[in-house]
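K.L.:
Prediction below, plus the sequence it came from.
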Amino acid sequence: MSNNIRFPTKDEIIAKVDTMQAEAVEKLKQLVSFDSLLGNEQDAQIFMQEIFNSLSLNVERFPIVLDDIKDLPGFSPVNWSYDGKDNVVAQHTPPVVASDMLSKGSQGKSLIFNGHIDVVPTGRETLWSKHPFSPYVKDGRLYGRGSGDMKAGVMAFVIAYKALKELGFVPSAKVIFQTVVEEECTGNGTLACLARGYRADAAIIPEPFPFLVTGQVGVVWCNVTVQGKPAHTLEMETGINAIDAAMYLVSAIRDLEKSWNVKEKCHPLFKQFPHPLGFNLGQIQGGEWTSSVPSECSFDLRAGFFPGTPLETVRNSITQAIDEAAKLKKITYQIQWNGFQAEGSTMDVNGDLMKQLGSSYKDVMGKEVPQQPILCTTDCRFFDLYYNIPSACFGPESTHIHGIDESVSLESYRDITRVLACFIAEWCGLQPSSSA
Ligand SMILES: [Zn+2]
């Protein structure tokens, strides 16, 4: 028996995506208007749950249970509560149909789309042109905290799937959509999805990089608390200034950073960068009174390191550098490793996933997809390093992520959506949705 199903061409898929641009922008605006900062992700997750429900997917919203993930590779310890922090996972499972109803003649390959819903703090709001959670469009860009990193990526995979559905087709393989919490500090959201058993032949995370990411550095966070001895400033020499002591330890850490960034030690993938491994002094607290010698100072550090360096080696080097400096000046301190304990990773650029994504990109954009490593981490590491699922990181062009007046290009948002829709059709294959 044969039938006369006519599967959509890539031009028809692209045209369909383009007709949905107004809807895509409106939905993105709604998502960006949620201030889904650490600990405040729930409303945005409920919004995503409703969107997935409206697409007739099999949706679950579930809490992260630390006991389920704390012994898994890639876990990052935290010193905050996980109450009210849920992941959302929506699954499309194609109904079984005869092979002549499948665009590829058989079931295609399964796929995970993953995106984080959490955003980083805005910084001083008055520095923004408009309120960071009142998104607006200007000169072809949508502005607001989280617009690029990475709510446009999340909405791109939603619209890509919806476009195929509106054409009357669904993927002929399992597709799993995940919106996770805590990408910006631990990655434990994605780890919890993997711990729950979600697997596929490949994973795509549309973070704001309009090129195929080839590798990413590792990242550790630590907090160092330095104890001083308070005294009145009239007898300053009897006290120990915790802030001065902390600055001394920071200078030792800066020396370590320099030594890690020397050309001879550079990982081959990152040779194009003059300073690939950033040590960021991200937070500092200390002191009690301007005319008192401060009794305590605490600072938070983010340190980058190359793929292939074990976390233990990284932590030991940093601890050693601090310890040697502390001994020299008799400084008392504690060091804690909370938040990111993330290994570096590289992507399989010659694998089927990258080849197909490159080919879909070329179909849509008419040129080869650029490739580049990045100097930060993404949740891709979990898929590649611990679950043998090839991952790709690729999403809309954005500016000032983590900065002031973050924005995403609407043209790039549409282009990425086009690419993802064409990619689904090729990777998963299509079948008529009427059989669903
Ligand atoms: Zn991100």
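P.N.:
Thanks, I have it.
K.L.:
Now do the buried residues in stretch 267-281.
P.N.:
Residues of stretch 267-281 classed as buried by neighbour count (16 or more other CB atoms under 10 Å): His267, Leu269, Phe270, Phe273, Pro276, Leu277, Phe279. Just so you know, the C-beta spots here come from the backbone N, C-alpha and C atoms, and that holds for glycine as well.
K.L.:
Pick out the most distant pair among these.
P.N.:
Using CB to CB, the pair of the buried residues of stretch 267-281 lying farthest apart is Leu269 and Phe279, separated by 19.6 Å.
K.L.:
you'd agree Thr214 is up against Thr346?
P.N.:
Yes: between Thr214 and Thr346 there is a contact under CB atoms under 8 Å: 6.7 Å.
K.L.:
what's the overlap in contacts for these two?
P.N.:
Residues touching both Thr214 and Thr346 (CB atoms under 8 Å, 6 or more residues apart in numbering): Leu269, Pro373.
K.L.:
all strands in the stretch 51-200 of the chain, in order from the N-terminus.
P.N.:
Using DSSP state E, counting those that start in this stretch, the strands found in the stretch 51-200 of the chain span residues 58-63, 86-92, 111-116, 136-138, 141-143, 169-171, 175-180.
K.L.:
Write out the residues of the stretch 101-250 of the chain neighbouring the ion.
P.N.:
Asp149, Met150, Glu207 (CB under 5 Å from the ion).
K.L.:
From those, pick the one nearest Gly105.
P.N.:
Glu207 (33.8 Å).
K.L.:
Buried residues of the helix or strand bottoming out on mean pLDDT in the chain, list them for me.
P.N.:
Least confident helix or strand, the chain: helix 66-69 with a mean of 94, by mean pLDDT, DSSP states H and E. By neighbour count with 16+ other CB under 10 Å, helix 66-69 contains the buried residues Ile69.
K.L.:
One more: stretch 31-42?
P.N.:
So for stretch 31-42, counting by 16+ other CB under 10 Å, buried means Leu31, Val32, Ser33, Phe34, Asp35, Ser36, Leu37, Leu38, Glu41, Gln42.
K.L.:
Next up, the contacts around the residue lying closest to the first one once chain neighbours are set aside.
P.N.:
This points to Leu31. Spatial nearest neighbour of Leu31, excluding adjacent residues (CB to CB, 6 or more residues apart in numbering): Lys151 at 4.6 Å. Going by CB under 8 Å, 6+ apart, Lys151 touches Leu28, Leu31, Val32, Gly115, Ile117, Val119.
K.L.:
so who does the closest residue to the ion within the stretch 251-400 of the chain touch?
P.N.:
As assessed by CB to the ion, the ion sits closest to Thr378 within the stretch 251-400 of the chain, at 6.5 Å. If a contact means CB under 8 Å, 6+ apart, then Thr378 has Glu183, Ile205, Glu207, Val213, Gln216, Cys393 as its contacts.
K.L.:
And it, how far from Ala203?
P.N.:
Distance from Thr378 to Ala203, counting by CB to CB, to the nearest Å: 11 Å.
K.L.:
before we move on, what about Asn241?
P.N.:
49 Å.
K.L.:
Between these two, which has more neighbouring residues?
P.N.:
Neighbours per residue, other CB atoms under 10 Å: of Asn241 and Ala203, the larger number sits with Ala203, 28 against 22.
K.L.:
right, and the more buried one touches Leu111 too?
P.N.:
Yes: counting by CB under 8 Å, Ala203 does reach Leu111; the two are 7.4 Å apart.
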